[in-house]
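Asks: Predicted model and sequence follow; I will ask about them next.
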Amino acid sequence: MNLTLALFLIVVGITLVITGWAARRTRTTVQFWAAGRGIKGWQNGLAISGDYMSAASFLGIAGLIAFNGYDGFMYSVGWLVAYLTVLFLIAEPMRNTGKYTLADVLSYRMSPIPVRSAAAFSTVAVSASYMMAQMIGAGSLIKILIPSLDSALKPWFNWTVLGTKLDPSITVVGVLMMVYVIAGGMVATTWVQIVKAVLLMGGAILLSFLVLLHFGFNLGNFFNTIAGVKDKVTGLNFTEPGILYQYGKKSVFGIDLALLDNVSLGMALILGTAGLPHILMRFFTVPNAKAARQSVVWAMGLIGSFYIMTTFLGFGAATLVGKANICATVTANCKPNSNLAAPRLAEYLGTQFFGGTGGEFLLAFIAAVAFATILAVVAGLTLAASGAFSHDFYVNVIRTHILHGHVSDREQVLVARITAGLVGLLSIWLAARVGATANAAALVAGVAFVIASAANLPAILFTLFWKRFNTWGAVASLVGGTLVTIWLVAIGPGWTVPVNAHPAFPLQNVGIVSIPIGFALAILGTYLGELVKADRLAEQKFHEIDVRAQTGLGAEPVPAG
Amino acid sequence: MEIDRSRLSQPSSPPLVEEGEAAPASEDVAYWEGLERTDEFRQLITARMRFVLPATAFFLVYYFLLPLANGLAPGFMRTDVIGHVYIRKANSVFDRFAAMVRERAARGRRTTP
């Protein structure tokens, strides 16, 4: 198993070289937060697609397809459609009006102290839950995929902090991500993401090619074989819907529960993407609106083709390896783990085409790519969370507006680095603590998308497009949307272990209720604010953000000469 | 249509405003409101919204029809096609209007300092 360890070290080595190179380009705030606005459209597209192709979507969706056939495939469509919202409504206005964070755009019209604090709150909530999911996933994945790494790390990172025993794998992921962000800021985060996206696409292309090669490039033959696979529980054919989403079992208010859960998940996926702070931040790294829109279309093309390949991988694993053999240690009657569908497929194909060493090598390669994926995504999240805290809360609320001081560029970058370090340390500790709870990882990732769509999206859309929107409305949606979502999840099924059979709220995916509530709070808050005449500037300043957002006036740099 | 870019680089073009300044001067509000009322800006908004609103409505309905109908082929190809149509439209139409508004702004700033 030394091969796995070697490939892992090579991947880490590459990322550290990138970080060293990036560190020399990271001195000012615009370099730290926005990579000097020098990222090209296609590069940003690769980075955005990388942010999206997390370990959860790479290993998770391949696994969902391998275990559930058609229904797993449905899941991946939403991730792609999401970018149409971003392309049409968000990307260009963001680039035209924003500096480094979501709150920069909102505070164009609104009172800076409440709006920046509220936006920092929701951003930290989204990034923290997304990061928890990624890091917990990282911990368990490394133990399964690279057991030699986990055992090699044990003696070095066996620490107990404040009564919580740290997980060595999580600690290593956390330390590496802190190094990238603190030293290299957005430049390092972007390029680590780009390299990983290329590796991941390469791995997916190779595996899909081998799957098709196995079937002699005869798609009819391939799909006939898939159609021959049957699900053991439902007895359904793999090309038929109904294996994962079992309709007609339970109903709430006369509506099918599985359908509600499914639509609810879809709402969070396609609306939440437009409110994810680590994705929004990417639009500030490009020089202008044209590059911003190019990057979305690049990302859509990449993500689209990636998910088409995931289909080959998932169905390939279902037909060639078989659900019964997708386990951590393959024995008769072993417990299947859907996350291992892609790695086990890699091992199978490698062995078939290149012999035993080939199988071992491909497995090691996919494991290393999965690891790089986790690293790159958590680095982006760390940057977003520390941006919310240091740029929005510390620099712009406390120092500028409460203490009325001037904050030098040098100090801003220093504070940003310290915050990134603190975010990293806190997430290592929290992930080790929460990670003990089974079922938590998928759930907290879902929460991130719902908060993003219930709290951030109404605030962004109304700021850009609704003239009467004001500070009260913005704060109501940012804080209210976040709290309602967390509350609904907490009283719903799945939060407690074992799963509560009669929860106060029936759905695991709360989006269908909390997203409309978030929008309603934004509208209600606005009218209340108008009633008490709290914020008259917001309406006057709408003209400015309207013109700026639509035209790029004042934001688009003019090429020299 | 080609615009005179040298004008835009003049310091008179409005700088990025630091947020949270005191109340905007009334002539500032009038300036932005005036720009908003220009024919160029209106054309931009109309052209953009005429594409974006129906397209957004279309893909939202289309997407939610999928689980509701519980079947049908997913729209991988179609979403990608929409993206390219948008880029072409944005590059040719929206950008031109946006440039016209900027040009108008540059002209406007000279007369009203």
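Replies: Perfect, I can see it now. Residues are numbered from 1 along each chain as shown, chains lettered A, B, ... in the order given.
Asks: Check whether stretch A:385-395 comes near chain B.
Replies: No: on the criterion C-beta under 8 Å from any C-beta of the partner chain, stretch A:385-395 is out of touch with chain B, staying 10.6 Å away. To be clear about C-beta, it is placed using only N, CA and C from the backbone, and glycine gets the same treatment.
Asks: Quick check: buried residues in that stretch?
Replies: In terms of neighbour count (16 or more other C-beta atoms under 10 Å in any protein chain shown), stretch A:385-395 has its buried residues at A:Ala385, A:Ser386, A:Gly387, A:Ala388, A:Phe389, A:Ser390, A:His391, A:Asp392, A:Phe393, A:Tyr394, A:Val395.
Asks: could you give the mean pLDDT of it?
Replies: The pLDDT scores in stretch A:385-395 average 87.
Asks: Quick check: which element contains A:Ile113?
Replies: In this assignment (DSSP states H and E), A:Ile113 forms part of helix A:112-145.
Asks: Helix or strand next in line after that helix, which one?
Replies: helix A:147-153.
Asks: moving C-terminal of that following helix, what's the next helix or strand?
Replies: Heading C-terminal from helix A:147-153 (DSSP H and E), you reach strand A:160-161.
Asks: Check which helices and strands the helix or strand following that next one sits against.
Replies: The helix or strand immediately downstream of strand A:160-161 is strand A:164-165, counting by DSSP H and E. Helices and strands touching strand A:164-165, by 3 or more C-beta pairs under 8 Å, 6 or more residues apart in numbering or on different chains; DSSP states H and E, are helix A:409-434.
Asks: related to what we said a few turns ago, work out the gap between the helix holding A:Ile113 and the centre of the chain.
Replies: For helix A:112-145, the separation from the chain centroid amounts to 9 Å (computed by C-alpha atoms, centre = their mean, to the nearest Å).
Asks: anything in it near chain B?
Replies: Yes: Helix A:112-145 lies within reach of chain B by C-beta under 8 Å from any C-beta, at A:Pro112, A:Ile113.
Asks: would you turn the buried residues of stretch A:385-395 into a markdown table with distance to A:Gln508 and secondary structure?
Replies: Listed next are the buried residues of stretch A:385-395 as a markdown table, based on distance: C-beta to C-beta, whole Å; DSSP: H, G, I helix; E, B strand; the rest coil:
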| residue | distance to A:Gln508 | secondary structure |
| --- | --- | --- |
| A:Ala385 | 25 | helix |
| A:Ser386 | 30 | helix |
| A:Gly387 | 30 | helix |
| A:Ala388 | 27 | helix |
| A:Phe389 | 30 | helix |
| A:Ser390 | 34 | helix |
| A:His391 | 34 | helix |
| A:Asp392 | 32 | helix |
| A:Phe393 | 32 | helix |
| A:Tyr394 | 36 | helix |
| A:Val395 | 38 | helix |
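Asks: which one of those is nearest chain B?
Replies: Of all these, chain B sits closest to A:Asp392, with 10.6 Å by C-beta to the nearest C-beta.
Asks: contacting residues for the closest one?
Replies: A:Thr101, A:Ala103, A:Asp104, A:Arg116, A:Ser117, A:Ala119, A:Ala120, A:Thr123 (C-beta atoms under 8 Å, 6 or more residues apart in numbering or on different chains).
Asks: Surely the third one is in contact with A:Gly98?
Replies: Put plainly, it is A:Asp104. Yes: judged on C-beta atoms under 8 Å, A:Asp104 makes contact with A:Gly98 at a distance of 4.9 Å.
Asks: shared neighbours, these two?
Replies: Contacts common to A:Asp104 and A:Gly98, judged by C-beta under 8 Å, 6+ apart, are absent.
Asks: Any idea which residue of the stretch 51-200 of chain A lies closest to chain B?
Replies: Across the stretch 51-200 of chain A, no residue is closer to chain B than A:Pro112, which sits at 3.5 Å (C-beta to the nearest C-beta).
Asks: That residue touches A:Ile398, doesn't it?
Replies: No: because the distance of 11.3 Å does not satisfy C-beta under 8 Å, A:Pro112 is recorded as not touching A:Ile398.
Asks: If you count surrounding residues, which of the two has more?
Replies: Taking neighbours as other C-beta atoms under 10 Å in any protein chain shown, A:Pro112 and A:Ile398 compare with A:Pro112 leading, 22 against 15.
Asks: and the nearest residue to A:Ala368 once chain neighbours are set aside, what helix or strand is that in?
Replies: The shortest distance from A:Ala368 to any non-neighbouring residue, by C-beta to C-beta, 6 or more residues apart in numbering or on different chains, is to A:Leu7 (4.2 Å). Using DSSP H and E, A:Leu7 maps to helix A:2-23.
Asks: Downstream of that helix, the next helix or strand is which one?
Replies: Using DSSP H and E, the helix or strand that follows helix A:2-23 in sequence is helix A:29-34.
Asks: for that following helix, which positions count as buried?
Replies: A:Thr29, A:Val30, A:Gln31, A:Phe32, A:Trp33, A:Ala34.
Asks: which ones are touching the residue nearest to A:Ala368?
Replies: A:Ala364, A:Phe365, A:Ala367, A:Ala368.
Asks: Next, give me the two most distant ones among those residues.
Replies: Taking C-beta to C-beta, the two most distant members of the contacts of A:Leu7 are A:Phe365 and A:Ala367; they sit 7.2 Å apart.
Asks: Of all the residues in stretch A:5-25, which ones are buried?
Replies: A:Leu7, A:Phe8, A:Val11, A:Val12, A:Ile14, A:Thr15, A:Leu16, A:Ile18, A:Thr19, A:Ala22, A:Ala23, A:Arg25.
Asks: count of residues packed around the closest residue to chain B within the stretch 351-500 of chain A?
Replies: Closest to chain B within the stretch 351-500 of chain A is A:His401: 5.9 Å, counting by C-beta to the nearest C-beta. Around A:His401 sit 17 other residues, with neighbours defined as other C-beta under 10 Å.
Asks: Against A:Val395, how distant is it?
Replies: In this view, A:His401 and A:Val395 are 10 Å apart by C-beta to C-beta, to the nearest Å.
Asks: again, but for A:Leu3
Replies: 47 Å.
Asks: Restricted to buried residues, select the contacts of A:Asp392 in PyMOL.
Replies: Per 16+ other C-beta under 10 Å, the buried members of the contacts of A:Asp392 correspond to this PyMOL selection:
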select buried, chain A and resi 101+103+104+116+117+119+120+123
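Asks: May I ask which two of the contacts of A:Asp392 are separated the most?
Replies: Greatest spatial distance in those: A:Asp104 and A:Ser117, 13.9 Å, computed using C-beta to C-beta.
Asks: and the nearest residue to A:Tyr130 once chain neighbours are set aside, what is it in contact with?
Replies: Spatial nearest neighbour of A:Tyr130, excluding adjacent residues (C-beta to C-beta, 6+ apart): A:Ala448 at 3.8 Å. By C-beta under 8 Å, 6+ apart, the contact list for A:Ala448 reads A:Val126, A:Ser127, A:Ser129, A:Tyr130, A:Ala133, A:Gly272, A:Leu276.
Asks: And the nearest residue to the last one once chain neighbours are set aside, what's its pLDDT?
Replies: Using C-beta to C-beta, 6+ apart and skipping the chain neighbours, the partner closest in space to A:Leu276 is A:Ala452 (4.9 Å). Here the pLDDT value assigned to A:Ala452 is 93.
Asks: For A:Ala452, the count of nearby residues, please.
Replies: Around A:Ala452 sit 33 other residues, with neighbours defined as other C-beta under 10 Å.
Asks: so it sits right up against A:Gly275, yeah?
Replies: Yes: taking C-beta under 8 Å as the definition, A:Ala452 is a contact partner of A:Gly275 at 3.5 Å.
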